[in-house]
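S.K.: The following comprises the amino acid sequence and a computationally predicted model.
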Amino acid sequence: MRAICEQQGLQRALELFPATIAAAAERGLQPLASLPGGFAPVTAPATVLNTARGGERT
Amino acid sequence: MSGLAFLPLAEASRLIASKKLSPVEYTRALLDRIAAADPACNAFLVVTAERALAEARNAEAEIAAGRHRGPMHGIPYGAKDLIDIEGMPTTCHSKLRSGHRAVSDAFVIRRLREAGAILLGKLALHEFATGGPAFDLPWPPARNPWNLDLHPGGSSSGSGAAVAAGMAPASLGTDTGGSVRNPATCCGIIGLKPTYGAISVNGVFPLAFSLDHVGPMTRTVEDNAILFQAIAGPDPDDPLNAQRAPADSLAALRDGIKGLRIGLIEHFYTTDAEADAEQVRGIETATGVLRSLGADVRAIRVSPLPVWFDCNRTIQQAEAFAVHQADMQTRPEDYSELTRVRVLPGAFISSSKYIQAQQLRRALCAEMAEAMRGFDAVVTLSSLHMPAPIADSAAVARTYDRQCRLVFNVTGMPAISVPTGFSAAGIPLAMQIAARAFSEPMLYRVAHAYCEAAGTCIGTDPNTQPRLAPARPAAAE
């Protein structure tokens, strides 16, 4: 957590608000959970949202 | 003319066009209402009274000279204070924005200025559209006109409270994870999150660029459609804009819903998460109304609610931290604690997790499109809970993520919050109606049919209006 804070330039925030930073780290570092069946990050490209195509890729 | 404060926008517009209502008289009535009601509600951060009266006089003179610009001409409104208005500070309800002055109007403000609308002032929000309700900010949080001890929903808190309390017939809010629809739900008004890209976000302080929307908030569905038509459309200066003119949302407003097929996403609130019994009763009654109007309402299934949360929150936190990183590095103490709590997780989200969330978003969009095949619209709950006491930070924190709204920020589909009645304690209940991208006319058609039949909107009858009082003491048993 401390290393990521330094990388992100958040030393001051860590010093002033250690409990908030600890909670933020716990939340942010959690992996995506409960993925839908058949979802494969390797084969599903991340694209820009295009609502004109029902959320499909641009 | 009496009762101007709660006059629907559409009715005021017709009266102004026919010169039976003076924009100056109307604006004065609303400024009087603000003076009387806002000390209790804290909806406005600033009231632009002189400017409003000058704009009203201009509108009156133009209309008298036969130059009526359209349905928003002479109509007062308020804007959430993260929307730029030339020459005014855009505070974002934050100490960090001290000394700011906007150098130009946001696209939506420019459109309303061109339409002849009248700015009443700028409205309270959660700090930077995320950190609230908070008491460690330069201004107090807005309060719920139905019970001043309760949270009015956020982050467009002032936009919801002002419209519900009769201080403005319309307001502008923004919605990244439900921030138009939450105050609409809590305050008993109509709030639209439009299709992603349908309304320009140019000149609007971002929370999370790939999820942000500007949305209209009003007391009736017709009023909402009028405001949407006025602000939607192409903006070449906004790279996120869809660059297409909106379909006419008013033409089919009164076509009814007989024969329409409506999907009901029930599992969000029956199995995925625990919901307040009164909110559930509200949507059950509402689906009965939709059926009685001739709609075919059937349950549909999509991924469980927690999956949508993971997707939305990961994207939102990562993008929001990118916006706030520099200030979080140098002056974190100037933010409210709630903003730090909600933005700082983004510092710990890896690039791979963010990209996977965007990949997941694509999968969820495809899944929703498939679930909606053969359906004209879907309905589900808005809030899973009742509004929390505003001073009870633990209760507010518990209810923050108990909602079904962010689903439609993930898909980019338009979604609208409509009131479904009241709890036993007299607090508004609500549901959402959503439709395919750029199907706002269908959305308004279903919402209008429902609201006309159910009679759940705030109107000119005082019995339908909030009473601007704290909770009544409990009666002795």
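M.R.: Perfect, thanks for sending it.
S.K.: Strands of the stretch 251-400 of chain B, start to end?
M.R.: B:261-264, B:296-299, B:377-381 (DSSP state E, counting those that start in this stretch).
S.K.: Chain A: which of those strands is closest?
M.R.: Of all these, strand B:377-381 sits nearest to chain A, with 13.4 Å by Cβ to the nearest Cβ. From N, CA and C alone the C-beta is placed, and that goes for glycine too.
S.K.: ok, that closest one near chain A or not?
M.R.: No: Strand B:377-381 stays clear of chain A (Cβ under 8 Å from any Cβ of the partner chain), getting no nearer than 13.4 Å.
S.K.: Quickly run through the sheet partners of that strand, with directions.
M.R.: Strand pairing for strand B:377-381, using DSSP bridges, gives strand B:261-264 (parallel), strand B:428-434 (antiparallel).
S.K.: Quick one: closest of those to A:Arg2.
M.R.: Go through the strands paired with strand B:377-381 one by one with Cβ to Cβ and the one that ends up closest to A:Arg2 is strand B:428-434, at 42.1 Å.
S.K.: Export that closest one to CSV, keeping only CA atoms.
M.R.: Coordinates of each C-alpha in strand B:428-434 appear next as CSV, following Å, rounded to 0.1, in the frame of the first residue of the first chain:
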residue,chain,number,x,y,z
PRO,B,428,-41.8,9.1,-2.2
LEU,B,429,-41.2,5.6,-3.7
ALA,B,430,-40.0,5.2,-7.3
MET,B,431,-39.1,2.8,-10.1
GLN,B,432,-37.0,3.1,-13.2
ILE,B,433,-38.0,2.7,-16.8
ALA,B,434,-35.3,2.1,-19.3
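S.K.: Which residue ranges of the stretch 101-250 of chain B form helices?
M.R.: Assigned helices in the stretch 101-250 of chain B, in chain order: B:107-114, B:157-164, B:181-187, B:221-231 (criterion: DSSP state H, counting those that start in this stretch).
S.K.: nearest residue to the residue nearest the centre of chain A other than its sequence neighbours?
M.R.: For chain A, A:Gly28 is the residue whose C-alpha lies nearest the centre (Cα atoms, centre = their mean; 5.8 Å). Using Cβ to Cβ, 6 or more residues apart in numbering or on different chains and skipping residues adjacent in sequence, the residue nearest A:Gly28 is B:Phe348, 2.8 Å away.
S.K.: Comparing the strands of the stretch 251-400 of chain B, which stretch has the densest surroundings?
M.R.: strand B:377-381 (a mean of 26; mean count of other Cβ atoms under 10 Å in any protein chain shown).
S.K.: Enumerate every residue touching B:Leu305.
M.R.: The neighbours of B:Leu305, taking Cβ atoms under 8 Å, 6 or more residues apart in numbering or on different chains as the test, are B:268, B:272-273, B:404, B:407.
S.K.: One more pass at 10 Å, please.
M.R.: Remark: with contacts taken as Cβ atoms under 10 Å, 6 or more residues apart in numbering or on different chains, B:Leu305 is in contact with A:34, B:265, B:267-269, B:271-273, B:380, B:384, B:401-404, B:406-407.
S.K.: Surely B:Leu227 touches B:Leu112?
M.R.: Yes: B:Leu227 is in contact with B:Leu112 according to Cβ atoms under 10 Å; the separation is 8.5 Å.
S.K.: who touches both of those two?
M.R.: B:72, B:75, B:77, B:170, B:172.
S.K.: If you count surrounding residues, which of B:Leu227 and B:Leu112 has more?
M.R.: Here B:Leu227 and B:Leu112 are compared on neighbour count by other Cβ atoms under 10 Å in any protein chain shown; more neighbours surround B:Leu227, at 29 against 23.
S.K.: if I look at the closest residue to the more buried one other than its chain neighbours, how far off is chain A?
M.R.: Closest residue to B:Leu227 apart from its sequence neighbours, by Cβ to Cβ, 6+ apart: B:Pro216 at 3.8 Å. Separation of B:Pro216 from chain A (Cβ to the nearest Cβ, to the nearest Å): 18 Å.
S.K.: need the contact list for B:Pro216.
M.R.: The contact partners of B:Pro216, by Cβ under 10 Å, 6+ apart, come to B:9, B:77, B:108, B:159, B:163, B:170-173, B:180, B:184, B:190-194, B:199, B:223-232, B:416.
S.K.: any idea of the pLDDT on it?
M.R.: You'll see B:Pro216 listed with a pLDDT of 98.
S.K.: Quick check: bridge partners of it?
M.R.: B:Leu172.
S.K.: show me what contacts B:Pro183?
M.R.: For B:Pro183, the residues meeting the contact criterion (Cβ under 10 Å, 6+ apart) are B:80, B:123, B:125-126, B:142, B:144, B:151-164, B:171, B:173, B:175, B:189, B:191, B:217, B:387, B:417.
S.K.: starting at the chain centroid, how far to stretch B:260-278?
M.R.: Here stretch B:260-278 is found 21 Å from its chain centre; the criterion is Cα atoms, centre = their mean, to the nearest Å.
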